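# coordinates for the following, if possible.
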Amino acid sequence: MYIPDPPYFMGTEGNLYRVDGAVFNGCNDKWDKFLGYDEYYDFSYIWIKECKRILKPNGTIWVIGSFQNIYQLGFILQKLNFWILNDVIWSKPNAVPNFNGTRFQNSHETLLWCSKSKNSKYTFNYKTMKFLNGGKQEKSVWNIGICIGNERLKDSKGNKIHNTQKPEELLKKIILSSTKPNDVILDPFFGSGTTGAVARKNNRNFIGIEKDEKYIKYAQKRIEKIKPETTNINDLSMEVLPPKVSVKKLIEKNYLNIGEILYNSSRENICFLLKNGDVIDKDEQTLSIHKMSAKYLKKINNNGWTYFYIKRNNILVSINDLRYKYNKEQNDK
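Below is the predicted model:
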């Protein structure tokens, strides 16, 4: 997968001033300067074409841009036969205001997620993204604040290292949504190394291309401090189909007990286990674990495996973990 965050060709000229008269440090870097749209188009066509050349058949690319450049980039991507899967809006709740009050506040950027071709068998971790979105299907508008505070890389004088450093949360969402552990991620505009830092933390490999020695130095120091972490989210445990184990089977094999109390995550006593695998609550209503959990959540349907817990040594244990434990022990025999 590629995550290019190219120059936007913002066309910034002169100083920008805040309302209080202080100079605003926007993006006025040389690498963002072009003679005009034609030069920017030629530059963009070359690097996108090279990305297409070496991208694997089932690979994807996430191109980040704003109103100044995203339409040219989108045109080139389609011209080179990339297949646009989504245009994702990065909505910035803490976006920089329009200091002069002459336009709407520019509070979003656009990400174009594309596969190499229409027939590519690309990676999309749907269940993981749904879980991270509170159990609801993830949408194409992401509310993520811009990079500020301790996350922003600064030099010894407190100056920003890179004017367009992206927030780690944005890269995390991209990487978790469309890569697998140990996949290789290429960032051809590496800058302050956010892609590498997030990739390393989530057990993905990365290649960063950057020509500015200052950016390289700070990116290396930043990434060297990162320790890879393995979690149920970044190892994509949720994308694996759960084992086909019934509640009745867990009772038969003594993982659960007849009459055992089932709790919710707040330790509330919800119901009791019956011999046949159903449960009965204080209303003396007998239901499956799914229907019972839906009843207490006031839903039509719900996954009872992820709702109910039992107590072991006064510690809540998910009944969902028990079926994985049972499945593993059966396979190990």
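
# wait, what's in contact with residue 143?
91, 93 (C-beta atoms under 8 Å, 6 or more residues apart in numbering). For glycine as for every other residue, the C-beta is placed from the backbone atoms N, C-alpha and C.

# what sits opposite it in the beta ladder?
Residue 143 forms beta bridges with residue 91, as assigned by DSSP bridges.

# mind checking pLDDT for it?
Looking at residue 143, its pLDDT stands at 97.

# likewise the one 4 residues further on?
Here, the pLDDT recorded for residue 147 equals 92.

# burial of it, as a residue count?
20 (other C-beta atoms under 10 Å).

# surely it and residue 162 touch.
No: proximity of residue 147 to residue 162 does not meet the contact threshold set by C-beta atoms under 8 Å, at 9.1 Å.

# give the residue farthest from the middle of this structure.
residue 284 (43.2 Å; C-alpha atoms, centre = their mean).

# in terms of helices and strands, where is that one?
Using DSSP states H and E, residue 284 sits within no helix or strand.

# so who does it touch?
Residue 284 touches nothing, counting by C-beta under 8 Å, 6+ apart.

# again, but for residue 171
3, 194, 195, 198, 199.

# check what pLDDT the fourth one gets.
Same thing as residue 198. On the pLDDT scale, residue 198 is placed at 98.

# spatially nearest residue to it (excluding sequence neighbours)?
Leaving aside its chain neighbours, residue 198 sits nearest to residue 171 (4.2 Å; criterion: C-beta to C-beta, 6 or more residues apart in numbering).

# tell me which residues in whichever strand or helix holds that neighbour are buried?
According to DSSP H and E, residue 171 maps onto helix 168-178. Residues 168, 170, 171, 172, 173, 174, 175, 176, 177, 178 are the ones in helix 168-178 that count as buried (16 or more other C-beta atoms under 10 Å).

# which one of those residues is nearest residue 325?
Nearest to residue 325, judged by C-beta to C-beta, of the buried residues of helix 168-178 is residue 176 at 25.6 Å.

# next, find the distance separating that closest one from residue 183.
11 Å (C-beta to C-beta, to the nearest Å).

# same deal with residue 206?
In terms of C-beta to C-beta, residue 206 sits 9 Å off from residue 183.

# the more surrounded of these two?
residue 206 (21 against 16).

# can you pull the contacts of that one?
So residue 206 contacts 184, 185, 186, 187, 195, 196, 199, 200 (C-beta under 8 Å, 6+ apart).

# I'd guessed the last one sits against residue 226; true?
Yes: with contact defined as C-beta under 8 Å, residue 200 and residue 226 form a contacting pair (4.6 Å).

# neighbour-wise, which of those two wins?
Neighbours per residue, other C-beta under 10 Å: of residue 200 and residue 226, the larger number sits with residue 200, 20 against 15.

# what mean pLDDT does the helix holding residue 171 have?
97.

# list of residues touching whatever helix or strand comes next after that helix?
Remark: after helix 168-178, the chain's next helix or strand is strand 184-187, criterion DSSP H and E. Residues outside strand 184-187 that contact it (C-beta under 8 Å, 6+ apart): 1-5, 51, 175, 179, 195-196, 199, 204-209.

# show me those that map onto helices.
Judged by DSSP state H, the subset of those located in helices is 51, 175, 195, 196, 199.

# can you report how many residues lie near the last one?
It stands for residue 199. 28.

# give me the nearest residue to it, chain neighbours excluded.
Leaving aside its chain neighbours, residue 199 sits nearest to residue 206 (4.0 Å; criterion: C-beta to C-beta, 6+ apart).

# so for the one you found, what's the pLDDT?
At residue 206, the pLDDT value in this model is 97.

# show me what it is bridged to.
Counting by DSSP bridges, the residues bridging with residue 206 are residue 185.

# what does residue 84 give?
residue 114.
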